[in-house]
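Q: 3D model of this:
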Amino acid sequence: MSIREEVVEYLLENGDKTKRELAKKFDITTYEALEAKKRAEFERCWRHLGPSIAYFDLETTDLKPEFGLILCCAVLTYPSGEWNVFSILDEERNEDGELVDIQTAVGIRDCLEQHDIIVGWNSKGFDVPFLNTRLDLRGERKLHTHLHIDPMYCYRGWHGVKPSSSSLKSVLEFYDAPFQKLEIPKKVWQSAKNGSRNAIKKLVDRSKSDVEGTAWVTSRAFKAGLIKNIGRYA
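A: Sure thing, here's the model as predicted:
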């Protein structure tokens, strides 16, 4: 990697810096620093041309949002490839020492709203209603209405593709995809519900795994003509 490429990558990862800061850090001229800044700005624009898509997945303590908490959520932005991870570990417990998820829910909402399209497996039936319920319970506004793709519905036979199950695990196995669902032992789930840092970190890995699998299957569904329209939902 040339010095100019190194400076550009540094700017893309760390945000904009003054040309004098760059010249000092990389021992280059201010002219070279200015050229690198221009290139980095071009790269930022190029990476964000067209609609941005958020692939996301929630991991929760319960299937019912009235009783469950959001443990974590991974969001993958297309086309930049940027990851954002939200975790209940970043919140302080309440006065009784119990886990709370309100800032996690708000962070997820705000991140998703920065995108033009959101995509999640069974997200219309589970993830979005769960998120909105957790927000509403704490007096926070719900997720704004978004263009929303739930690729699970492409694999229930209505479009002529019906594997043994419409679960993400089954569809990934059906295609022998390079991404497979990460299985988590029951004891890890229980530990996560009790606030174990290591257990929740494992669920973050699972969330990322589901997001990667969802992104792969969604691409496959587009190429197969299974996604014929994108509606608004939230």
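Q: Return the list of helices and strands in contact with the helix or strand harbouring Ala199.
A: Assigned by DSSP states H and E, Ala199 belongs to helix 197-223. Here helix 197-223 touches strand 53-60, strand 70-78, strand 83-87, strand 117-119, helix 168-175, helix 186-193, going by 3 or more Cβ pairs under 8 Å, 6 or more residues apart in numbering; DSSP states H and E. Yep, even glycine has a C-beta here, placed from its N, CA and C like the rest.
Q: Between strand 53-60 and the third one, find me the angle.
A: Orientation of strand 83-87 against strand 53-60 (axes from the mean of the first three to the mean of the last three Cα atoms, to 10 degrees) gives an angle of 20 degrees.
Q: Pull up the pairing partners for strand 83-87, direction included.
A: Here strand 83-87 has these sheet partners by DSSP bridges: strand 70-78 (antiparallel).
Q: can you list the residues that contact the partner strand?
A: 52-61, 82-89, 101, 104-105, 108, 111-112, 115, 130-131, 134, 192-193, 200, 203-204, 207-208, 210-212, 215 (Cβ atoms under 8 Å, 6 or more residues apart in numbering).
Q: Now do Phe56: how many residues are near it, please.
A: Per other Cβ atoms under 10 Å, the neighbour tally for Phe56 reads 28.
Q: For it, give its distance to Phe174.
A: 22 Å (Cβ to Cβ, to the nearest Å).
Q: Name the residues of the helix holding Ala199 that are buried.
A: Using 16 or more other Cβ atoms under 10 Å as the test for burial, helix 197-223 gives 199-200, 202-204, 206-218, 220-221.
Q: Same question for stretch 127-144.
A: In stretch 127-144, residues buried by neighbour count (16+ other Cβ under 10 Å) are Asp127, Val128, Phe130, Leu131, Asn132, Thr133, Arg134, Leu135, Leu143.
Q: Return the residues in contact with the third one.
A: By that I understand Phe130. Leu58, Thr60, Pro65, Gly68, Ile70.
Q: closest to Leu226 out of the helices and strands packed on helix 197-223?
A: Evaluated with Cβ to Cβ, the helices and strands packed on helix 197-223 place helix 168-175 nearest to Leu226, the distance being 11.2 Å.
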